[in-house]
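# Here's a sequence, model it:
(one chain, ligands or ions: 1)
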Amino acid sequence: MTRARMPRPHEVDAARRDPRLLRALNERSQDDAWRTRGTCQNVDPETFFPAPNEPVDIAVALCRSCDVQGSCLAWALEVGDCHGVWGGTTPRERRAMLLAWRDEVQPDPSVTAEAGPPVRDRLLTLVPSGR
Ligand code: SF4
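Residues are numbered from 1 along each chain as shown. This next block holds a predicted model:
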């Protein structure tokens with residue numbers, strides 16, 4: 001298993017200007033019911049967790065049409081989730097965004113990894129059975 005490399009300074013700078021991050025900052029904590037309104041509600045969770053050599057295009061395209069993209073990305077950044085596609089971002093993009101995010105916001109203690117569908121289903125794919 002390879003370790004993810006740290007984002008380079010120019011990647012973090014680009015993340016700070018990324019419209020997806022700006023939207024997440026604006027929509028952070030604005031919509032507690034975002035989980036129930038995601039475009040991915042009825043999509044196979046595996047779509048959002050492609051293998052490293054598989055394209056992410058389908059998941060990212062679904063996110064682009066999603067009304068709660070900003071809230072979803074804000075949640076992923078709050079919990080520091082760097083697996084799968086959230087809010088139209090890849091794990092690599094989010095690692096750079098995470099550094100920019102942590103400079104901008106104070107942690108929200110009400111945000112936890114506990115989530116409703118479809119997020120819950122997606123998280124379950126990350127948790128080894130027996131835990
Ligand atoms: S992962 Fe997030 S942004 Fe993408 S479709 Fe699901 S709820 Fe929407």
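# mind checking how far the nearest residue to A76 once chain neighbours are set aside is from H10?
Leaving out its chain neighbours, the residue that sits closest to A76 by C-beta to C-beta, 6 or more residues apart in numbering is W86, at 3.6 Å. Glycine gets a C-beta too; all of them are placed from N, C-alpha and C. Separation of W86 from H10 (C-beta to C-beta, to the nearest Å) stands at 23 Å.
# out of these two, which sits in the more crowded spot?
Between W86 and H10, W86 has the larger neighbour count (other C-beta atoms under 10 Å), namely 27 against 9.
# Just list whatever residues bridge to that one.
Counting by DSSP bridges, W86 is bridged to T89.
# right, and it touches G70 too?
No - counting by C-beta atoms under 8 Å, W86 does not reach G70; the two are 11.1 Å apart.
# For the ligand, what's its nearest residue on this protein.
Closest approach between the chain and the ligand, counting by C-beta to the nearest ligand atom: G38, at 2.6 Å.
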